[in-house]
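>>> sequence and computational prediction follow.
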Amino acid sequence: MAISTAHSLNPTYSIFNPTQTHLGFSQRQQVIYKARVRPSYVITCSAGDTIVIGLAADSGCGKSTFMRRLTSVFGGAAEPPRGGNPDSNTLISDTTTVICLDDYHSLDRTGRKEKGVTALDPRANDFDLMYEQVKALKSGVAVQKPIYNHVTGLLDPPELIKPPKILVIEGLHPMYDKRVRDLLDFSIYLDISNDVKFAWKIQRDMAERGHSLESIKASIEARKPDFDAYIDPQKQYADAVIEVLPTQLIPGDNEGKVLRVKLIMKEGVQYFSPVYLFDEGSTISWIPCGRKLTCSYPGIKFAYGPDSYFGNEVSILEMDGQFDRLDELIYVESHLSNISTKFYGEVTQQMLKHSDFPGSNNGTGLFQTIVGLKIRDLFEQISSSKAAGTLQAAKA
Ligand SMILES: Nc1ncnc2c1ncn2[C@@H]1O[C@H](COP(=O)(O)OP(=O)(O)OP(=O)(O)O)[C@@H](O)[C@H]1O
Ligand SMILES: O=C(CO)[C@H](O)[C@H](O)COP(=O)(O)O
């Protein structure tokens, strides 16, 4: 994608209204903030073919892991912008650009502390800027996106983001603001139940970040009211939800190691046809353990069927338990339809390729991989329908 002569767009496109105050920022704070993040736009030659995917979840719920699986489906490594801020949250590959919506925090760590708001509170985020920039990228215009630095807790100088083929916006609020939501071609919500979230947080923040059990509990409790008010309700808008629950195969289990995972897929979404097990629309329960699939205690159970979710018609595919041998996943894959693979065994191949990623032996990894393949399929369908439209217009 070539970039034409860079120049600012019409000043009326400016994001910041000088009369608007950002949650009671002082005059000085506003000046610093605006200087840091005020975007300078660049017009590109792109025809605006970018498709936009939204991925919502709370912090520590597997968004990065999912993104690594998704970018791998398209091939090529995803890396931060070359020569840019080493603390950038952006990941760029040949096909995809993943931006983290934390970059639209309008209050830095100190600012949030002073105002007594969490990062989940919409008042700590700049939805006008998020909307303008996602809209610009979708229509082929590069933007100077702010960076929220998780190391320092400050807003860093912006980085240039060019319109990619696929733009993924991941974070706390991709579906909160209707204007941003309406720009999404497909949306996903990772719904991690409290017990499981707690187990994952302990595992990561205690082992890798040296936090105490008490501080992890306190941080989860402090975020919960805002999580319930602003993050969780977004799942009603998602085209696909990956819900992660404690297993039902071990009565009273609270270890969070064996998981029951549901893939909830909305019916009637353009360019997306839900995956099914054995027979589309039937209600099925399947225990695949036996000669073709090795299962140690507590085994594996699949379920599939139609259902309703927030008043929408959905299909739900469920897996409870974990795989002993990933190569045998091919047996399960061969019973799934509409998985949008390009060759027999592609799901199994992807899972084997990333067997070291968290969740590779259970439904989280399996369903994330399948959603990645569905996104590739959606992208290809949208691209070919746009190409067909362009050809027709040229003929007319
Ligand atoms: N499917 C999974 N199974 C088990 N543990 C998982 C799974 N996904 C994530 N985790 C755990 O949660 C931690 C956070 O995962 P990840 O970094 O992908 O989440 P995130 O949503 O990107 O987090 P953050 O927003 O805080 O950067 C991992 O280190 C791992 O311990
Ligand atoms: O919920 C979060 C999303 O990742 C973070 O807590 C939020 O971005 C604030 O970051 P930090 O804790 O580094 O100040």
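Nice, I can see it. Ligands and ions are numbered 1, 2, ... in the order given.

>>> now do the strands in the chain.
51-56, 91-92, 96-100, 143-148, 155-161, 166-171, 186-192, 240-246, 259-266, 276-277, 284-286, 300-309, 312-321, 336-337 (DSSP state E).

>>> now the ones you listed as JSON lines including mean pLDDT and distance to ligand 2?
All C-beta atoms are positioned from the backbone trio N, CA, C, and that covers glycine. Shown next, in JSON lines, are these (pLDDT from 0 to 100; distance: least, CB to the nearest ligand atom, whole Å):
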{"stretch": "strand 51-56", "mean pLDDT": "98", "distance to ligand 2": "11"}
{"stretch": "strand 91-92", "mean pLDDT": "96", "distance to ligand 2": "14"}
{"stretch": "strand 96-100", "mean pLDDT": "97", "distance to ligand 2": "7"}
{"stretch": "strand 143-148", "mean pLDDT": "98", "distance to ligand 2": "6"}
{"stretch": "strand 155-161", "mean pLDDT": "97", "distance to ligand 2": "11"}
{"stretch": "strand 166-171", "mean pLDDT": "98", "distance to ligand 2": "6"}
{"stretch": "strand 186-192", "mean pLDDT": "98", "distance to ligand 2": "13"}
{"stretch": "strand 240-246", "mean pLDDT": "97", "distance to ligand 2": "18"}
{"stretch": "strand 259-266", "mean pLDDT": "97", "distance to ligand 2": "22"}
{"stretch": "strand 276-277", "mean pLDDT": "98", "distance to ligand 2": "34"}
{"stretch": "strand 284-286", "mean pLDDT": "96", "distance to ligand 2": "37"}
{"stretch": "strand 300-309", "mean pLDDT": "97", "distance to ligand 2": "25"}
{"stretch": "strand 312-321", "mean pLDDT": "98", "distance to ligand 2": "27"}
{"stretch": "strand 336-337", "mean pLDDT": "97", "distance to ligand 2": "32"}
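
>>> how about those strands in a markdown table, adding mean neighbour count?
Putting these into a markdown table (neighbours: other CB atoms under 10 Å) gives the following:
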| stretch | mean neighbour count |
| --- | --- |
| strand 51-56 | 24 |
| strand 91-92 | 22 |
| strand 96-100 | 24 |
| strand 143-148 | 23 |
| strand 155-161 | 18 |
| strand 166-171 | 25 |
| strand 186-192 | 24 |
| strand 240-246 | 23 |
| strand 259-266 | 23 |
| strand 276-277 | 21 |
| strand 284-286 | 13 |
| strand 300-309 | 17 |
| strand 312-321 | 21 |
| strand 336-337 | 16 |
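
>>> I'd like these as TSV, with distance to S360 appended.
Below are those laid out as TSV (distance: least, CB to CB, whole Å):
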stretch	distance to S360
strand 51-56	19
strand 91-92	20
strand 96-100	20
strand 143-148	30
strand 155-161	31
strand 166-171	20
strand 186-192	16
strand 240-246	14
strand 259-266	12
strand 276-277	20
strand 284-286	21
strand 300-309	14
strand 312-321	13
strand 336-337	17
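
>>> near ligand 2, which residues of the stretch 1-150 of the chain are found?
Within reach of ligand 2 by CB under 6 Å from any ligand atom, the stretch 1-150 of the chain has these residues: 59, 102, 109, 119, 150.

>>> show me which of these are buried.
Buried members of those, counted by 16 or more other CB atoms under 10 Å: 59, 102, 109, 119.

>>> and those residues, which is closest to A78?
Distance to A78 across those (CB to CB) is lowest for D102, with 17.1 Å.

>>> just to check, the closest one is in contact with L172?
Yes. Counting by CB atoms under 8 Å, L172 is a contact partner of D102 at 7.4 Å.

>>> which residues do the two both contact?
Common contacts of D102 and L172 (CB atoms under 8 Å, 6 or more residues apart in numbering): A119.

>>> contact partners for the closest residue to ligand 2 within the stretch 201-350 of the chain?
In the stretch 201-350 of the chain, the residue that lies nearest ligand 2 is R223 (7.3 Å; CB to the nearest ligand atom). Neighbour list for R223: 58, 118, 120 [criterion: CB under 8 Å, 6+ apart].

>>> want to throw these into a markdown table with neighbour count, pLDDT and distance to K201?
Shown next, in a markdown table, are the contacts of R223 (neighbours: other CB atoms under 10 Å; pLDDT from 0 to 100; distance: CB to CB, whole Å):
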| residue | neighbour count | pLDDT | distance to K201 |
| --- | --- | --- | --- |
| D58 | 22 | 94 | 10 |
| T118 | 19 | 95 | 16 |
| L120 | 21 | 97 | 15 |
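
>>> interface residues of the protein facing ligand 1?
Residues of the chain lying near ligand 1 by CB under 6 Å from any ligand atom: 57, 59-65, 200, 203-204, 358-359, 364.

>>> just the buried ones from those?
So, by 16+ other CB under 10 Å, the buried ones in the residues of the chain next to ligand 1 are 57, 59-65, 200, 359, 364.

>>> give me the pLDDT value at whichever residue of the stretch 251-396 of the chain sits closest to ligand 1.
Closest residue of the stretch 251-396 of the chain to ligand 1, CB to the nearest ligand atom: G359 (2.3 Å). If you check G359, the pLDDT there is 94.

>>> excluding covalently adjacent residues, which one is nearest to it?
Using CB to CB, 6 or more residues apart in numbering and skipping the chain neighbours, the partner closest in space to G359 is G365 (4.1 Å).

>>> returning to that earlier point: list the contacts of the residue of the stretch 251-396 of the chain closest to ligand 1.
So, once contact is read as CB under 8 Å, 6+ apart, G359 ends up touching 62, 65, 259, 365, 368.

>>> residues touching the nearest residue to the first one once chain neighbours are set aside, list them.
It stands for G62. Distances taken as CB to CB, 6+ apart place L190 nearest to G62, at 5.7 Å, with adjacent residues excluded. Residues in contact with L190, defined by CB under 8 Å, 6+ apart, are 55-57, 61-63, 66, 241-242, 244.
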